[in-house]
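[1] Turn this into a structure:
(2 chains)
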Amino acid sequence: AQKITQTQPGMFVQEKEAVTLDCTYDTSDQSYGLFWYKQPSSGEMIFLIYQGSYDEQNATEGRYSLNFQKARKSANLVISASQLGDSAMYFCAMREGHQAGTALIFGKGTTLSVSS
Amino acid sequence: GAVVSQHPSRVICKSGTSVKIECRSLDFQATTMFWYRQFPKQSLMLMATSNEGSKATYEQGVEKDKFLINHASLTLSTLTVTSAHPEDSSFYICSASGLAGGTNEQFFGPGTRLTVL
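    From the prediction side, this is the model:
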């Protein structure tokens, strides 16, 4: 079974609108971390936001927020006020345990296209 | 955040040759480094995990004799693709974890695009 599922291969949004990118995960660990990364066409992985499994508040970083619903095992990324520069591939990832020495497991990604 | 570099950023080689890719943590000591492979429009797939001074742990299906990983120091890991073939053409990304700026996080390199002719 897939550990990270991103069901939206592509999403389209207009500038200044908000968009939600879906992510569900599967783990039997109680301790885990959830990440979102942005990958533009250059290929670099840009860290956006992190949510720990024990964090009670949803994580926010500027225009990015993570809608964490633990019981449903979902960790959707919300981008508010989309900008043209937000067009990129977005990956949800999970690390089981809280040790940085554990590899991330990535979803298949969602390509976001922002139009003017 | 901490900086991880990769060299080269892009390489084109002939089939049958070997290619070495370097991954360096520039401002922190990386106790663990990870190597990922990414085909166009696809996800990052973990190839192997390496800890400084010990042998790398390879994921199932990754040939350790073909993808040689060396993590000889706390700031450098290398991936050597031996006897490269066109199907090895891919984007290779490393990430490094260690104590950087007070957080024990993972930081990604910019990636290396390998094309085998």
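[2] Give me the phi and psi angles of A:Thr93.
    Actually, residue A:93 is Ala rather than Thr. Main-chain torsions, A:Ala93, degrees, to the nearest 10: phi -140, psi 160.
[3] so it makes contact with A:Trp36?
    Yes: shown here, A:Ala93 and A:Trp36 form a contact pair, counting by Cβ atoms under 8 Å, at 7.5 Å. Placement of C-beta: from N, CA and C, glycine included.
[4] Downstream of the helix or strand bottoming out on mean pLDDT in chain B, the next helix or strand is which one?
    Here the helix or strand of chain B ranked lowest by mean pLDDT, DSSP states H and E is strand B:103-108, holding a mean of 76. Sequence-wise, the next helix or strand downstream of strand B:103-108 (DSSP states H and E) is strand B:112-116.
[5] Check whether that following strand comes into contact with chain A.
    Yes: applying Cβ under 8 Å from any Cβ of the partner chain, one finds strand B:112-116 in contact with chain A at B:Arg113.
[6] That strand packs against which elements?
    strand B:10-13, strand B:19-25, strand B:90-100 (3 or more Cβ pairs under 8 Å, 6 or more residues apart in numbering or on different chains; DSSP states H and E).
[7] I'd like these written out as TSV, with mean pLDDT, mean neighbour count and distance to chain A added.
    TSV is the format used below for the helices and strands packed on strand B:112-116 (pLDDT from 0 to 100; neighbours: other Cβ atoms under 10 Å in any protein chain shown; distance: least, Cβ to the nearest Cβ, whole Å):
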stretch	mean pLDDT	mean neighbour count	distance to chain A
strand B:10-13	97	14	10
strand B:19-25	96	21	12
strand B:90-100	88	23	4
